[in-house]
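*Asks:* Starting from these lines, generate the structure:
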Amino acid sequence: MASNPPAPEAPFAPSDTFVYGAPGAEEGPFEEWNPTAESIRPVRGRHRVAKQRGGGLARSSTVLGVGVIAAVGAGGMASAQTGKPPVSISLPDLPNVGSLISDEETPKGSSTPLSDIGRMAAADTGTEEGAADAGEALRARIMAQVEQQQGQAQSKAQAAALAAAEKEAAEAAAKAEKEAKEKAEAARKKAEEEAAKKAEAERLAELAKQYALPTSSYTITSTFGEAGAYWSSGHHTGLDFAAPTGTLIKAVHTGTITSAGWDGSYGYKTVLTLDDGTEVWYAHQSSINVSVGQKVNTGDVIGRVGATGNVTGAHLHLEVHTGSGGIDPAAWLAGKGLSI
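*Replies:* Got it, this is the predicted structure:
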C-alpha cells in the first residue's frame, strides 16, 4: 500500500526542551513515523460503518445459546458429582447481545425477549398448510360441539313431546274410561229403574187381583182434604163417588165387618177391617147387606149407594184409616194397583 508523502521537517528544538514523542538518550536515534490508514484509529462518532442487524442478532443468539448450553451442562455435571437433585435454572429475557457491546442506540426490534424470539421463530417455521389444518380442525371441533348440542336439544324436545303425548293419551284414556263408567252406571240405573217399574207393575197387577174399586159407574165429586162449610171439621175427610141410589157397594179387599149401622152425619155406615188393621169406611148407604163379624172377600157386595146423613145428593163417601189416622183414599187405592 502506498504511503503518504514525507512530512516536512520539524523545527529545531533545544535538547533540554521536552518534546512529546521525542526520543530520550536511552531510546536511541529518532525514527520518522508516517501514519497510514491502518495505523490511524478512527475518531468516534465519525465515519461509522453500518452494522448488519441480522448478523448481530445471529451472533447474539449463538452466544446466548452457547452460554445456556454451558450453564445447563455445568449444572448437570455438578448434580452428577454431588449426587444432589438438579436445580432448575430460569433465564430471564435478556436484551440483544449486540446492544451490550455497542454504544449506539438499540436498534428497533433488537431488545426482543428470548421467549418472544422463540415464539416468533416457531411462527416463522410454520406454513400456510399447517395454519389451514389447524383452522380446519378448530372448525370441525366447533361443528361437532354444535351438532352434539343440537342432538341433545332434539333429544330433549323428543322426550318432552313423547311425555306430552303419553300424558295426553293417559288423560284421554282416563276420560274415556270415566265416560264409559258413567254410561254404564246410567245404563245400570236405567235398567234397575225399568226393572223396578216392571216389578211394581207386576205387584200391582197381583194386588189388583186382590183389591177392587168400591163401586162402578161413578163420578168423583170431592177429594181428600178439600176445604168447605159442608164438613164439620172444615175440610173433606174422604173421597166421594157420586152414583145413582141403589148402586152396588163392594168390599175392596178380604176382611172382617167390624161396624154396621147408623152413624149420625155419616148416615148408614159400614166399617171393613182388613187383615193388616186398615179400616175402610163406607158412608151414606141406602142399605147395609152385612153384619158385624162377617168375613168378606174382595168384590163381595156389602151395601148400596144412598143419600143418608149429611149429604146434598146420592154418593158413596169412602174413608181409609190406619194407625196414624185418616189418609187419602185415592193414594191408598193407587198403591193397591187401582186407579180411579
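*Asks:* Low-confidence ranges, the stretch 51-200 of the chain, go.
*Replies:* Across the stretch 51-200 of the chain, the ranges flagged by pLDDT under 70 are 51-128.
*Asks:* Number of residues surrounding Q294?
*Replies:* For Q294, the count of nearby residues is 15 (other C-beta atoms under 10 Å). (Each C-beta comes from the backbone N, C-alpha and C, glycine too.)
*Asks:* tell me the mean pLDDT over stretch 319-332?
*Replies:* If you average the pLDDT over stretch 319-332, you get 91.
*Asks:* ends of that stretch, how far apart?
*Replies:* Chord length of stretch 319-332, first to last residue, is 10 Å (C-alpha to C-alpha, to the nearest Å).
*Asks:* May I see the buried residues of that stretch?
*Replies:* 319-321, 326, 329-330, 332 (16 or more other C-beta atoms under 10 Å).
*Asks:* what does stretch 240-254 give?
*Replies:* Neighbour-count burial for stretch 240-254, counted by 16+ other C-beta under 10 Å, picks out 240-243, 245, 247-254.
*Asks:* Turn the residues you listed into JSON lines, columns for pLDDT.
*Replies:* Below are the buried residues of stretch 240-254 laid out as JSON lines (pLDDT from 0 to 100):
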{"residue": "D240", "pLDDT": "93"}
{"residue": "F241", "pLDDT": "96"}
{"residue": "A242", "pLDDT": "95"}
{"residue": "A243", "pLDDT": "95"}
{"residue": "T245", "pLDDT": "95"}
{"residue": "T247", "pLDDT": "96"}
{"residue": "L248", "pLDDT": "96"}
{"residue": "I249", "pLDDT": "97"}
{"residue": "K250", "pLDDT": "95"}
{"residue": "A251", "pLDDT": "95"}
{"residue": "V252", "pLDDT": "95"}
{"residue": "H253", "pLDDT": "94"}
{"residue": "T254", "pLDDT": "92"}
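*Asks:* which among the residues you listed gets closest to A176?
*Replies:* Distance to A176, by C-beta to C-beta, is smallest for H253 among the buried residues of stretch 240-254, at 54.0 Å.
*Asks:* thinking that closest one is in contact with K209, fair?
*Replies:* No: under the criterion of C-beta atoms under 8 Å, H253 lies out of contact with K209, with a separation of 10.8 Å.
*Asks:* Spatially, and excluding backbone neighbours, which residue is closest to I302.
*Replies:* Leaving aside its sequence neighbours, I302 sits nearest to V290 (C-beta to C-beta, 6 or more residues apart in numbering; 4.7 Å).
*Asks:* and that neighbour, that's in a helix?
*Replies:* No: counting by DSSP: H, G, I helix; E, B strand; the rest coil, V290 is not part of a helix but coil.
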